[in-house]
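Trainee: structure, please.
(chains A, B, C and D)
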Number of protein chains: 2
Amino acid sequence: MNNNFPYSKYNFNNQDLLSGLTTAECDRLTANKEILNFKAGTQIFKEGTEPKGIYRVLSGKVKKYTATNFGTDHIFYICGENEYLGYHAILSEEEYPDSATALLDCEVAFIPKNDFLNVVSKSHLLSQRLLKNLSHEFGVFLNATKILARYTVRERTAINLLILQRKFSVKESLKEIEINREDLASMVGTAKESLVRMLKDFKEEKLISTKGRIIFIEDLEGLVKASNYK
Amino acid sequence: MNNNFPYSKYNFNNQDLLSGLTTAECDRLTANKEILNFKAGTQIFKEGTEPKGIYRVLSGKVKKYTATNFGTDHIFYICGENEYLGYHAILSEEEYPDSATALLDCEVAFIPKNDFLNVVSKSHLLSQRLLKNLSHEFGVFLNATKILARYTVRERTAINLLILQRKFSVKESLKEIEINREDLASMVGTAKESLVRMLKDFKEEKLISTKGRIIFIEDLEGLVKASNYK
DNA sequence: TTCTTACATTGACATTTATCAATTTTATTT
DNA sequence: AAATAAAATTGATAAATGTCAATGTAAGAA
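Mentor: The predicted structure is shown next:
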């Protein structure tokens, strides 16, 4: 399970943003907290709308994506358990720059905007932690843009399989990924058919196998090699 | 000069990060400030090294980029006057995730790490402003990844010319860009020869003209159309 | 289960983009 | 200005990727 692929370069939240706050701060944060459930495929928030609060994923997976004006999406991140959604738009005082949709059934905690902003403005710990996290995200995005700008579809496919393997391995079987081909293609930044052909190549090279839409990672090191990461 | 291209989606610093501080805060920030000069082509800091402080561009242009392990760079941003460099790595407590090199001769103000961190930790205004700015940058990067993932070389070339036109228009002639083809290709995320061919197409379509390496924007609206932005 | 629908896969082909090797142009040095 | 070096451009071609249409397969509904 260990290998030399730098997962931290692909993860937004390495630490729990809201942990370690004082009881009073926690109380203020959670005073109006709501637990929400989203079925797979349901949109949580939509690009271009006004943010109402932040969300913490309690269980399930959420895809974050932006839409082009010509009908294709780009999925730039999959959020797993204990990751947060929607804080950027609130802090930047702008509309949501992206959309979020449940990839699997989700349980999510919702904290209204004002409760969040209130604690941010009063908690030194929280604002420092947000600064640290947002600055870390800068590096994650840099890495993402470099990969999109300079790596081939084959390399990007391998990279995304490695990321997903790690994302899905937390609570489930270590080596299986369930994602539809359209979404995976949208992460890689390619056409669905090109993605399917790349998976076929990887199958022939014994790097993966599939059963239905489920992808099994068979050779982690082989995928790392295919990703051209050093 | 006005058109409907959304430049703010491409700009990291929309406001001056350090303006409006109290005199005491300013004094503490600038206590050990140094003014540095970098000749075009000189590296200011290097990916993977430890950050020593932050930089403010007083004049000139700086390119920010990351390197792949196979020898190509990706230039993800050009910094102009009054923009800041290097604060991400300091706030994230990580190594520089990117490199910075003077694109034109530059004058730069350097503020040592500890002076910056000191004021950040004590100034509510500054930390709030940083939070706002870093969150805005999230949207800028989202836009960048979407464009790299989903737009063609032609579209990306048009987009980058529009960005550069705006970047270079602040103090200089409104419509000319001076950048070498390798760097422009690196921004677009394509090969130098492909970039040159795209410029040739744009010349034939009267969207631009060139004289030596200088590119003149002849038809801003035509470029917006070519960028496929809506 | 059977039907129905959505999704995954394949094939054929077009288009886009990259690569390598000249050649021409521009910038720099003497 | 002439010589030299660096950068830009072009041509020929290969390789990668996208598109459209068809077919196969799996999952959910009746």
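Trainee: could you point out which element follows the lowest-mean-pLDDT helix or strand in chain A?
Mentor: Lowest by mean pLDDT, DSSP states H and E among the helices and strands of chain A is strand A:176-178, with a mean of 91. Next helix or strand after strand A:176-178 toward the C-terminus (DSSP states H and E): helix A:181-188.
Trainee: residues in contact with the residue nearest in space to the middle of chain A?
Mentor: Centroid check for chain A by CA atoms, centre = their mean gives A:Ile78 as the closest residue, at 2.3 Å. Listed by CB atoms under 8 Å, 6 or more residues apart in numbering or on different chains, the contact partners of A:Ile78 are A:61-64, A:103, A:163-164, A:167, A:187. Just so you know, the C-beta spots here come from the backbone N, C-alpha and C atoms, and that holds for glycine as well.
Trainee: which of these fall in helices?
Mentor: Judged by DSSP state H, helices contain the following of the contacts of A:Ile78: A:163-164, A:167, A:187.
Trainee: I'd like those laid out as JSON lines, including neighbour count, distance to DNA strand D and pLDDT.
Mentor: As requested, the ones in helices among the contacts of A:Ile78 are exported to JSON lines (neighbours: other CB atoms under 10 Å in any protein chain shown; distance: CB to the nearest atom of the strand, whole Å; pLDDT from 0 to 100):
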{"residue": "A:Ile163", "neighbour count": "20", "distance to DNA strand D": "18", "pLDDT": "95"}
{"residue": "A:Leu164", "neighbour count": "20", "distance to DNA strand D": "17", "pLDDT": "95"}
{"residue": "A:Lys167", "neighbour count": "22", "distance to DNA strand D": "20", "pLDDT": "88"}
{"residue": "A:Met187", "neighbour count": "25", "distance to DNA strand D": "13", "pLDDT": "98"}
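Trainee: tabulate those (TSV), appending distance to DNA strand C.
Mentor: As requested, those are exported to TSV (distance: CB to the nearest atom of the strand, whole Å):
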residue	distance to DNA strand C
A:Ile163	18
A:Leu164	13
A:Lys167	17
A:Met187	13
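Trainee: out of those residues, which is nearest to chain B?
Mentor: Chain B has its nearest neighbour among the ones in helices among the contacts of A:Ile78 in A:Met187, at 8.6 Å by CB to the nearest CB.
Trainee: contacting residues for the closest one?
Mentor: Neighbours of A:Met187 in contact, by CB under 8 Å, 6+ apart: A:75-76, A:78, A:160.
Trainee: which of the residues you listed count as buried?
Mentor: With burial judged by 16 or more other CB atoms under 10 Å in any protein chain shown, the buried subset of the contacts of A:Met187 is A:75-76, A:78, A:160.
Trainee: out of those, what pair is the most spread apart?
Mentor: A:Phe76 and A:Asn160 (11.0 Å; CB to CB).
Trainee: how big is the angle separating the longest helix seen in chain A from helix B:124-150?
Mentor: For chain A, the helix that runs over the most residues, judged by DSSP H, is helix A:124-150. Between the axes of helix A:124-150 and helix B:124-150, defined by axes from the mean of the first three to the mean of the last three CA atoms, to 10 degrees, the angle is 20 degrees.
Trainee: secondary structure, distance to DNA strand C and pLDDT for the contacts of A:Met187 - can I get that in a markdown table?
Mentor: Output for the contacts of A:Met187, formatted as a markdown table (DSSP: H, G, I helix; E, B strand; the rest coil; distance: CB to the nearest atom of the strand, whole Å; pLDDT from 0 to 100):
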| residue | secondary structure | distance to DNA strand C | pLDDT |
| --- | --- | --- | --- |
| A:Ile75 | strand | 13 | 98 |
| A:Phe76 | strand | 19 | 98 |
| A:Ile78 | strand | 15 | 96 |
| A:Asn160 | helix | 14 | 98 |
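Trainee: can I get those in TSV with distance to DNA strand D?
Mentor: Formatted as TSV, these follow (distance: CB to the nearest atom of the strand, whole Å):
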residue	distance to DNA strand D
A:Ile75	14
A:Phe76	16
A:Ile78	20
A:Asn160	13
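Trainee: kind regards, and thank you for your time.
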